[in-house]
Structure formats: C-alpha cells, structure tokens
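1. sequence and predicted structure are below.
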Amino acid sequence: MDFSLNDIQEMMRDSASRFIQKEYDFETRRKLAKSDVGYDQKNWDLFAELGWLALPVDEEAGGIGGTVLDTIVLQEELGKGLVVEPYFSTVLLGANLINKFGTPVQKETILEAVISGTQKLALAHGEGHAPFDLCQMRTRAEKTANGYVLSGKKSVVIGAETADLLLVVARTSGTAGDKDGLSVFGIKPDHAGVSLKNYPTNDGLRASDITFNNVELSTSDIIGDADQAYGPVNTVLLEGLVNLSAEAVGIMEKLVELTADYLRVREQFNSPIGRFQALQHRTADMFMEKELSKSMLYFAAIEATEQSDGFENACAMLKVRIGNAARFVGQQAVQLHGGMGVTDELNVGHYFKRLTCINSLLGSRDYHLNKLVSAAQA
C-alpha cells in the first residue's frame, strides 16, 4: 500500500511545519495559553488564509474536500507545536458535523463563516455520567407548540468559552439507550437560560461546563434532521478520535526527538549519558512505541475514510494503542530528563500533560478496551 503523501497533504504538512518553526516556539505558546482568550486571533486568521479551516469541508460548500487521511497529516504537525488555537473543536468536530449533517442553508451560512475565520464552533456532547456514550444522553429537549425547551448539563466542552455557536446534542424522543431520538441544536452561548462555567485545563486549553435551564428553542435551531443525529455525531466523534490520535503521535515524535537530543548533551562521568546502553534501550523502546502508534493511526484513518464495517473497532483499537504508548513515551521522556522534566519552564512536561489529557478525551483507553472486550465476547 502506498503511504506517500499527495499534493494537498504535502502542502498542509509543509505549511504547518513552517508555522510551528517560525511563529510558534514554546515560549510563545506558553504566553498564549495564559492569555485572556487562550490563543491568538491573528494565528486563527492565518489558519484561514492557509486553507486549514477549509480542509475537511466538501468542495460544494467552499472547502477543500479533505478526508481523515488529510487532516491527520496536519494534526501531527500541530501536535508538535502544542497549538492552543481551537482547531480541533471548531473544524474537526463542529464544522465536520455541519458538513456531514447540516441542511444546505446551514452549510452555506455556518461553514462559510468558519472557513473565513469569523465563526468558531464547539460540540457539546459529553455528560459527566457518560462522557462518550451518546445513547445515555440525559440532556433533553421537550417538544412544545412553539418549538422545544432544552434542559440538562454538558461537561468539559472544549472551546466553548470562545465559541460563537454551540452544537448541543440532546434527546428529543425515545429513552436512555436508544440510538434514535437524538438531535443537534445550534445555540448561541448568550442565549437565555444558557450558563457556562469556564476553566483552563491541565494541558493549557480551555473548557466549559454548560447548564441549560429551560432554554426555549425553535425548530429552525435544529441542525439537520430531528431525531436522526446519532449516526452523524458518532461518526464525527470517531473521526475526531483519529485526529486526536494523530496529534498524540506528533507529540510522541517530538518527545523522542527532545529526549535523544538531551541524552547527547547531558554528561555524567565526563561522557554523554546517551552512550549508556540502558538509556539507549529506553529511547529505542520510546521510538518503537511511537512507530507502532503511527502504523495503527494510518490503519484507523484508512478505515475511517472508507467507512468500513470495522471502522468503530479500528478506532477503539487505536485509542487503546495510543493510550498505552503515550503513557510510556511521556513517562520515559520525563524520567530521562530528570526532575526538570516536570517543570513549567521545560516543554517536555507540557507535552506529557497534553498526552495525558488526550487519553481522557472522546473515551479513555480503558473505556475503549472494555468496548473491544465486550464486542469480542458477544
């Protein structure tokens, strides 16, 4: 199988690599993470100019028409820079859902604004009792004469603090456990009855817990078709899992590089510690874990692009593989750097924090492992 990059993938990788090297050093990233909004709008405008915001959007809607095989190439590079701009939440989750499920009018209005960089999105799907299980949704929208009344809570909604539109998944019919009966509503954060509790996450991003208290909505606020959102949302979340894994692979690649560089310059007994065979074995193990993860990433990306029957299992296997590898590579990098590996001034600890948070997003490693075990037993 040919794994060489096509023209679009080469362009995205090269533009991202140049951006990270020239405009996004570690100190710049630290300052952005601690700023009021948590990122730089100028960078976001640049993302729009470079075409990154249009990458997964169909050509008919003004996008590039890229697949998961295209977005993972960009995500790997963004992972190396620990980019804090809300690319994942706005483009790879929000815009991807509109692209797959929105009406023609919604695609025209919302996606055009996203591609131009004037609108940011946040997908509110997770709830405290079931972070990744859509069927256990408790947020509910009751039908009324004038539309719907929405009540419930969403937890750890990445990018909601600066989003212009929230895409809220809620149950509009059926009972807990049903795949049918889920709908998506487009709601502005300042809508009456919507309350956001914003906070920074351990990896330098921003998230929100959102409460919906009898929020009155019209039928025009529904994204796509009512009661039919499970399939599209589930697909978007699984593709998001693959893209998160690509970011993790980029981070692990950077950690292997940083650790190898450090072992070449750190001396003990008048010799670089990289000459010690035991440490060479550990860095070799880090490299192998990263390479195995990358292979699994491309397998899952191919399955996602083809929407094969084994798509969901491939994504679950990828998350397990990434969870194991990220923990090992991150811990080894910190230990081989010694005590300074966890300091705020060194980028290694920040990479490790991001890897740890990625493991908890879109279903943890344990969640997906249990899912695979249950499927095998069935």
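-> Arrived safely. The structure displayed is predicted, hence computed values, not measured ones.
2. this structure: strands as residue ranges?
-> Assigned by DSSP state E, the chain shows strands spanning 121-124, 140-143, 148-158, 165-171, 182-187, 194-200, 206-217, 222-223, 267-268, 271-272.
3. contacting residues for the closest residue to Lys353 other than its chain neighbours?
-> Closest residue in space to Lys353, ignoring its immediate chain neighbours: Asp203 at 4.7 Å, by CB to CB, 6 or more residues apart in numbering. (Glycine included, C-beta is placed from N, CA and C.) Taking CB atoms under 8 Å, 6 or more residues apart in numbering, we find Asp203 in contact with 350, 353-354, 356-358.
4. equivalent analysis for Val84, please.
-> 29, 32-33, 38-39, 204-205.
5. next, give phi and psi for it.
-> With angles defined as degrees, to the nearest 10, Val84 sits at phi -100, psi -10.
6. ok, it to Asp14 distance?
-> According to CB to CB, to the nearest Å, Val84 stands 22 Å off from Asp14.
7. kindly report the same for Gly62.
-> On the measure of CB to CB, Gly62 and Asp14 end up 23 Å apart.
8. and those two? which has more neighbours close in?
-> Comparing Gly62 with Asp14 by other CB atoms under 10 Å, the one with more neighbours is Gly62, at 15 against 12.
9. distance of the more buried one from Leu111?
-> 7 Å.
10. again with Tyr87
-> Where Leu111 is concerned, Tyr87 sits at a distance of 15 Å (CB to CB).
11. one more: Gly66?
-> For Gly66 relative to Leu111 (CB to CB), the value is 14 Å.
12. can you check Gly152 too?
-> Counting by CB to CB - Gly152 and Leu111 are separated by 27 Å.
13. neighbour count for the two, which is higher?
-> Leu111 (24 against 20).
14. flag every buried residue along stretch 110-130.
-> For stretch 110-130, a neighbour-count test (16 or more other CB atoms under 10 Å) marks 110-115, 117, 119-127, 130 as buried.
15. likewise stretch 134-145?
-> Under 16+ other CB under 10 Å, the buried positions of stretch 134-145 are 134-135, 137, 139-141.
16. and it, how far out from the chain middle?
-> Distance of stretch 134-145 from the chain centroid (CA atoms, centre = their mean, to the nearest Å) equals 25 Å.
17. tell me the mean pLDDT for it?
-> What stretch 134-145 shows for mean pLDDT is 94.
18. contacting residues around that stretch?
-> By CB under 8 Å, 6+ apart, stretch 134-145 touches 125, 127, 129-130, 148-154, 168-172, 176-179, 182-183, 185, 212, 216-217, 230, 233-234, 237.
19. just the buried ones from those residues?
-> Applying 16+ other CB under 10 Å to those flags 125, 127, 130, 148-154, 168-172, 182-183, 185, 212, 217, 230, 233-234, 237 as buried.
20. state the pLDDT value of the nearest residue to Lys179 once chain neighbours are set aside.
-> Distances taken as CB to CB, 6+ apart put Tyr230 closest to Lys179, at 4.4 Å, once the chain neighbours are dropped. You'll see Tyr230 listed with a pLDDT of 96.
21. hang on, Tyr230 packs against Asp180?
-> Yes - assessed by CB atoms under 8 Å, Tyr230 is found in contact with Asp180 at 6.9 Å.
22. for stretch 151-167, what is the average pLDDT?
-> 97.
23. centre of the chain to that stretch, how far?
-> The answer for stretch 151-167 is 14 Å, by CA atoms, centre = their mean.
24. format the CA atom coordinates belonging to it as PDB.
-> Extracted in PDB, the C-alpha atoms of stretch 151-167 (Å, rounded to 0.1, in the frame of the first residue of the first chain):
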ATOM      1  CA  SER A 151     -32.700  21.300  29.900                       C
ATOM      2  CA  GLY A 152     -29.600  19.500  31.000                       C
ATOM      3  CA  LYS A 153     -25.900  19.700  31.500                       C
ATOM      4  CA  LYS A 154     -22.800  19.200  29.400                       C
ATOM      5  CA  SER A 155     -19.300  18.600  30.800                       C
ATOM      6  CA  VAL A 156     -15.800  19.500  29.600                       C
ATOM      7  CA  VAL A 157     -16.900  21.200  26.300                       C
ATOM      8  CA  ILE A 158     -13.600  22.100  24.700                       C
ATOM      9  CA  GLY A 159     -13.500  25.600  23.100                       C
ATOM     10  CA  ALA A 160     -17.000  26.600  24.300                       C
ATOM     11  CA  GLU A 161     -15.600  29.700  26.100                       C
ATOM     12  CA  THR A 162     -14.700  31.500  22.800                       C
ATOM     13  CA  ALA A 163     -17.300  29.700  20.500                       C
ATOM     14  CA  ASP A 164     -19.800  31.800  18.600                       C
ATOM     15  CA  LEU A 165     -22.200  28.800  18.200                       C
ATOM     16  CA  LEU A 166     -22.700  25.700  20.400                       C
ATOM     17  CA  LEU A 167     -23.700  22.500  18.800                       C
END
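25. hang on, the earlier thing: I'd like the buried residues of stretch 134-145 as CSV, with distance to Glu291 appended.
-> Below are those laid out as CSV (distance: CB to CB, whole Å):
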residue, distance to Glu291
Leu134, 33
Cys135, 36
Met137, 38
Thr139, 41
Arg140, 46
Ala141, 46
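26. identify the farthest-apart pair in those.
-> Of all pairs drawn from those, the greatest distance, 16.2 Å, lies between Cys135 and Ala141 (CB to CB).
27. any chance of the strands of the chain in JSON lines, with distance to Ser374 too?
-> JSON lines is the format used below for the strands of the chain (distance: least, CB to CB, whole Å):
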{"stretch": "strand 121-124", "distance to Ser374": "26"}
{"stretch": "strand 140-143", "distance to Ser374": "27"}
{"stretch": "strand 148-158", "distance to Ser374": "24"}
{"stretch": "strand 165-171", "distance to Ser374": "23"}
{"stretch": "strand 182-187", "distance to Ser374": "22"}
{"stretch": "strand 194-200", "distance to Ser374": "33"}
{"stretch": "strand 206-217", "distance to Ser374": "29"}
{"stretch": "strand 222-223", "distance to Ser374": "31"}
{"stretch": "strand 267-268", "distance to Ser374": "49"}
{"stretch": "strand 271-272", "distance to Ser374": "49"}
